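1. okay, here's the prediction I keep looking at, along with the sequence it came from:
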Amino acid sequence: MKRKLTALALALGLTFSLTACGGGAGGTADTPSSGETTPAESTTPAGSTETTPVNSETPAAESDMAYVKDKGTLIVGMTDFAPMDYKDDSGEWIGFDADMAKAFAESLGVEVEFLEINWDNKLMELDTKGIDVIWNGMTITDEVTEGASVSEAYCNNGQVVVLPAEKAEDYQTVESLSGLNFAVENGSAGAEQLDLLGLTYVAKTTQADALMEVASGASDACVIDLLMAGAMIGEGTSYPELTYTVQLNSEEYGVAFRKGSDLTEAFNSFWKDAYDAGTVMEVATTYGVQESVIEK
């Protein structure tokens, strides 16, 4: 599965119709006409200046796209999560999300930089500009939509219970899971499902770590994304002795930008063009996730 697409193959057939900086998210406030005095002006001492801080709760006074283009890099916050983001034998980040992130950065005329983050701190990293986008098989949740500007959904997914194949027959229903010791990625959609069910677990840094807990026998089971399970467990994979049984929910993946970011609409336009050109499905097929891609 660890096949690397060239930039040429990624860009093949893509027609990018991205909007330059400006527009709704980058608009400016109305300027008072000559002679008018605003409340701020009447209370500011002579000779001093006063600025209004910009935070993630208000549309950026300056275009986020312009910010990214000015520094020349799009910083993608992610974790080691095959088949979406992982390293090949040469240490380069590849995967469905990684390859598409490279193409999106190219469409903006900037370089891409991948930064592994603590998934539980993803929104803080975004808000403080440690990263420019969260792009890592991110489940669209209320928490995410309240704290960021989220793209249109691009993949279907679900949370599944993974355990040794030899024990699978005994754990085919949600009710049967009581008493198992779970491992799960901290702050993930899987952790949320376990919390809802009142099941105990040990929090790990990544989903890959949670899988290793089960493979080593340190935990009875783990909860990971269905897409990851399809790529990482079962015959012919890294964990042939593991399987999944219960699917706990259904969900969708999205890409998150800062509140008010004009990059969100730029991404939506990019993705539709890439889908229409056949590039999305080409890359998805490379990593075995074509059945999960949402039709545009």
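-> Yep, that arrived.

2. from here on, contacts and neighbour counts on C-alpha atoms
-> Noted.

3. show the pLDDT at the closest residue to residue 263 other than its chain neighbours.
-> Leaving aside its sequence neighbours, residue 263 sits nearest to residue 65 (Cα to Cα, 6 or more residues apart in numbering; 5.7 Å). With respect to pLDDT, residue 65 has a value of 96.

4. tell me the spacing between residue 65 and residue 132.
-> 10 Å (Cα to Cα, to the nearest Å).

5. how many neighbours does residue 249 have?
-> Residue 249 sits with 13 neighbouring residues when counted by other Cα atoms under 10 Å.

6. correct me if wrong: it contacts residue 174.
-> No - applying Cα atoms under 8 Å, one finds residue 249 not in contact with residue 174, separated by 11.1 Å.

7. sorry, back to before: who has more neighbours, residue 65 and residue 132?
-> residue 132 (25 against 21).

8. tell me the SS of the residue nearest to that one when sequence neighbours are not counted?
-> Nearest residue to residue 132 in three dimensions, chain neighbours excluded: residue 75, at 5.1 Å (Cα to Cα, 6+ apart). Assigned with DSSP: H, G, I helix; E, B strand; the rest coil, residue 75 falls in the strand class.

9. pretty sure residue 75 sits against residue 113.
-> Yes - taking contacts as Cα under 8 Å, residue 75 lies within contact range of residue 113: 4.7 Å.

10. compare these two (neighbour count), which wins?
-> Looking at residue 75 and residue 113 with other Cα under 10 Å, you find the greater number of neighbours at residue 75, namely 22 against 17.

11. show me the contacts for the more buried one.
-> 112-115, 130-133 (Cα atoms under 8 Å, 6 or more residues apart in numbering).

12. of those residues - the most surrounded one?
-> Counting by other Cα under 10 Å, top hit in the contacts of residue 75: residue 133 with 27 neighbours.

13. list phi and psi for it.
-> Residue 133 adopts backbone torsions of phi -160, psi 140, taken as degrees, to the nearest 10.

14. quick one: it from residue 114, how far?
-> Residue 133 sits 10 Å away from residue 114, going by Cα to Cα.

15. can you check residue 219 too?
-> Remark: distance between residue 219 and residue 114 (Cα to Cα) = 30 Å.

16. A helix includes residue 274, no?
-> Yes - secondary structure of residue 274 (three-state DSSP): part of a helix.

17. number of nearby residues for it?
-> Neighbours of residue 274 using other Cα under 10 Å come to 25.

18. spatially nearest residue to residue 162, not counting backbone neighbours?
-> Excluding its sequence neighbours, the residue lying closest to residue 162 (Cα to Cα, 6+ apart) is residue 244, at 4.2 Å.

19. secondary structure element for that neighbour?
-> Using DSSP states H and E, residue 244 falls within strand 242-247.

20. do the same with residue 252
-> Per DSSP H and E: residue 252 is located in strand 251-257.

21. mean confidence for that strand?
-> Computed over strand 251-257, the mean pLDDT rounds to 98.

22. just stretch 220-237 next, same as before
-> Per-residue scores along stretch 220-237 average to 94.

23. can you point out the buried residues in that stretch?
-> For stretch 220-237, a neighbour-count test (16 or more other Cα atoms under 10 Å) marks 220-234 as buried.

24. which neighbours do residue 133 and residue 114 share?
-> Taking Cα under 8 Å, 6+ apart as the criterion, residue 133 and residue 114 both touch 75-77.

25. any low-confidence regions in the stretch 1-150 of the chain?
-> Low-confidence segments of the stretch 1-150 of the chain (pLDDT under 70): 1-61.

26. now the strands for it?
-> 73-78, 86-87, 93-94, 111-116, 133-139, 149-150 (DSSP state E, counting those that start in this stretch).

27. any idea where the helices of the protein begin and end?
-> Using DSSP state H, the helices assigned to the chain run over residues 7-11, 39-43, 64-71, 96-108, 122-127, 142-147, 189-197, 207-216, 226-232, 263-276, 279-286.
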